[in-house]
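> here's a sequence, model it:
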Amino acid sequence: MVNTEMPILEIKDLHVSYGAIKAIKGISLYINEGEIVSVIGSNGAGKSTLMQTIMGMVPRDNGEIFLKNEPLARKSYQVINQGVTLTPEGRQVFAPLTVYENLMMGAFSRKDRGKIKEDLEWIFSLFPILKERNKQYAGTLSGGEQQMLSIARSLMSRPKLLLLDEPSLGLAPIIIKDIFRELKRINSEGVTIFLVEQNARQALKLSNRGYVLQTGEIILQGMSEELLSNPEVEAAYLGTLRKKIDQSRE
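Alright, predicted model coming up:
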């Protein structure tokens, strides 16, 4: 259930640079508790930088980030302790460790050790294949199984907000469908999700609201249904959306 009284995450006028390159140029957005919100855009739009900045992996030049109206920490371990976790682009599982050991790595910061077994069973209900592969080395899993493990490892920290960076990247359509179905279930069980994706149609079908990011700026936003029916959204991936929007305003 979406709670619109107070955003769980709010970003105000965020600026991020890599040297002279301005990667994020004054982004402001919010996510309500219980929502799935997507950010779509082409390569180089700044999507991954946005996620990494929220997690404290990339420093901010300017701007503020709030979690439930409290300032979000600037160091990754503190962000995790506040209840935010990231499933990174490219999965990045611990290949030499087993599936079980990867999942336990996700719970390393938790103090409620008694609840971990309960959460592990929940994870296995979401992704039964991980239970079958429990003792298998993560590096031997298929790409789809590694993506499931990466999401599951993030969930083991019991996040209030789950960040997902390109969860469909490099996966077959049938695997993408399965993973997005489970993301819907994860959200229905109380986890707010913030998703960045190049696959606009999949992301917007899953989410409540969406933002279109191009060269570090939000150029469109709205309900996902509205963005799905907007003929200009597809043009974002050809790099022509800003031009079309500007022309329409002249």
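> scan the protein for its longest strand.
strand 3-18 (DSSP state E).
> partner strands of the following helix or strand past that one and their direction?
Per DSSP states H and E, the first helix or strand lying C-terminal to strand 3-18 is strand 21-33. Here strand 21-33 is paired, per DSSP bridges, with strand 3-18 (antiparallel).
> quick revisit: okay, buried residues for the longest strand of the chain please.
Judged by neighbour count using 16 or more other CB atoms under 10 Å, the buried positions of strand 3-18 are 7-11, 14-17. Where C-beta positions appear, they are placed from N, C-alpha and C, glycine not excepted.
> pLDDT of that strand, averaged?
Taken as a whole, strand 3-18 has an average pLDDT of 92.
> give me the residues contacting it.
With contact meaning CB atoms under 8 Å, 6 or more residues apart in numbering, strand 3-18 is reached by 22-34, 46, 49-50, 53-54, 58-69, 72, 84, 160-161, 192, 194, 216.
> returning to that earlier point: farthest pair in the buried residues of strand 3-18?
The span of the buried residues of strand 3-18, defined through CB to CB, is set by 8 and 17 at 26.8 Å.
> follow-up on the earlier one: list buried residues within the contacts of strand 3-18.
Among those, the ones that count as buried by 16+ other CB under 10 Å are 22-25, 27, 29-34, 46, 49-50, 53-54, 58, 60, 63, 65-67, 72, 84, 160-161, 192, 194, 216.
> thinking again about what came up before, CA-only coordinates of the longest strand of the chain in PDB, if you can.
The C-alpha coordinates for strand 3-18 follow below in PDB (Å, rounded to 0.1, in the frame of the first residue of the first chain):
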ATOM      1  CA  ASN A   3       1.800   6.000   1.800                       C
ATOM      2  CA  THR A   4       1.700   9.500   0.300                       C
ATOM      3  CA  GLU A   5       2.000  11.300   3.600                       C
ATOM      4  CA  MET A   6       5.700  11.500   3.700                       C
ATOM      5  CA  PRO A   7       8.200  10.400   1.000                       C
ATOM      6  CA  ILE A   8      10.500   7.500   2.100                       C
ATOM      7  CA  LEU A   9      13.200   9.100  -0.100                       C
ATOM      8  CA  GLU A  10      13.500  12.700  -1.200                       C
ATOM      9  CA  ILE A  11      16.200  14.200  -3.400                       C
ATOM     10  CA  LYS A  12      16.600  17.900  -3.700                       C
ATOM     11  CA  ASP A  13      18.700  19.700  -6.300                       C
ATOM     12  CA  LEU A  14      21.400  17.000  -6.500                       C
ATOM     13  CA  HIS A  15      24.600  17.700  -8.400                       C
ATOM     14  CA  VAL A  16      27.300  15.200  -9.000                       C
ATOM     15  CA  SER A  17      30.500  15.500 -11.100                       C
ATOM     16  CA  TYR A  18      33.400  13.300 -12.200                       C
END
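> before I go, just wanted to say thanks for your time.
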